[in-house]
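Visitor: coords please:
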Amino acid sequence: MSNGARRWAREAARYRREGFLSPVRIIGQAEAGDHRRRLEEAEASVGNLHYQAKVHTILRSPLELATHPCALDVVEALLGPNILVWNVTYIIKEPRTPAHVSWHQDLTYWGLDGEDQVSMWLALSPANETSGCMRLVPGSHREGRRGHRATTDDANVLFQGQTVDGVDESAAALCPLRPGEASFHHGWTLHASLPNRSDDRRIGLNVQYLATRMRQVKHSRDTALLARGVDAFGHFGHDIPAAEDLHPEALARHRELNRLYQETVGRGA
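Guide: Numbers count the residues shown, from 1 in each chain. Just a heads-up that it's a prediction; the model follows:
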């Protein structure tokens with residue numbers, strides 16, 4: 001275990017008990033503002049990047065954040081030293097819009113063969129009760145998979161509007177984050193978020209980390225990026241990290257990666 005990960009060993013026990021860690025300072029607020037600027041400059045060129053899969057293959061900013069040593073130290077304490085980045089995506093709620101996320105569990109539709117996974121949600125703008133920060137149910141990951149139903153709510157950010165009914169919302173904990181802070185949550189932890197009622201965009205970068213022993217069971221075409229350690233399994237093809245922003249060849253590859261991701265998380269629902 002690296003020295004950085006060793007510092008998080010005690011917090012790992014809380015994560016196993018509660019199903020999440022928050023808040024965790026990854027970068028400073030000024031640096032978060034710079035990453036937001038870089039995102040919005042890219043959007044000016046290619047359009048809204050909300051919920052586009054694997055943006056770390058076309059932009060250096062999300063690649064830098066997903067592989068930031070502070071983030072990887074936390075993940076190593078939770079998953080072990082051999083870490084894949086499976087997906088990186090911006091989740092953006094525009095101001096004064098009805099976009100929301102229903103109660104769900106991340107691992108439900110992803111096709112992964114275990115639960116050695118952790119999600120990081122890194123704030124690039126204020127995420128609070130007004131702007132629709134995440135809500136989580138502490139300890140819910142210990143109950144395992146819950147039944148989900150697909151919905152047709154156009155305001156639901158999730159691809160299928162997948163929803164767990166009967167969640168005791170009085171047990172939920174708010175997860176406010178300042179720019180540069182992150183939360184880390186388990187793939188079975190119930191979570192949701194309400195609409196953004198603020199006058200600013202609520203911008204988060206969501207990163208999915210896997211232990212290298214994990215496998216995709218829906219098909220054999222899935223890809224990932226080795227972020228730390230050694231991949232002795234080779235269960236995933238190799239994502240090519242962005243060497244520059246919005247390179248035409250990377251954009252062409254990204255269109256297929258994004259299509260495959262949407263097919264994967266929508267298959268077998």
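
Visitor: ok now stretch 35-51, how far from the chain's centre?
Guide: Centre-to-centre, stretch 35-51 and its host chain are 17 Å apart (CA atoms, centre = their mean, to the nearest Å).

Visitor: quick one: average pLDDT of that stretch?
Guide: Looking at stretch 35-51 alone, the average pLDDT works out to 97.

Visitor: partner strands of the helix or strand of the chain with the lowest mean pLDDT, parallel or antiparallel?
Guide: Least confident helix or strand of the chain, by mean pLDDT, DSSP states H and E, is strand 101-104 with a mean of 82. Partners of strand 101-104 in the sheet, by DSSP bridges, are strand 191-193 (antiparallel).

Visitor: So what touches the strand it pairs with?
Guide: Among residues not part of strand 191-193, those counted as contacts by CB atoms under 8 Å, 6 or more residues apart in numbering are 20, 93, 100-105, 132-137, 167, 172, 175, 185. In short, each C-beta sits where N, CA and C put it, glycine included.

Visitor: after it comes which helix or strand?
Guide: Once strand 191-193 ends, the next helix or strand along the chain (criterion: DSSP states H and E) is strand 202-211.

Visitor: Using CSV, write out the CA atom coordinates for that next one.
Guide: In CSV, the C-alpha atoms belonging to strand 202-211 read as follows (Å, rounded to 0.1, in the frame of the first residue of the first chain):
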residue,chain,number,x,y,z
ARG,A,202,-24.1,22.4,-11.0
ILE,A,203,-21.1,20.7,-12.5
GLY,A,204,-19.6,17.4,-11.3
LEU,A,205,-17.1,15.0,-12.7
ASN,A,206,-18.1,11.4,-12.1
VAL,A,207,-15.3,8.7,-12.2
GLN,A,208,-15.8,5.0,-12.0
TYR,A,209,-12.9,3.0,-10.6
LEU,A,210,-12.6,-0.8,-10.7
ALA,A,211,-10.2,-3.2,-9.2
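
Visitor: Fine, thanks again, bye for now.
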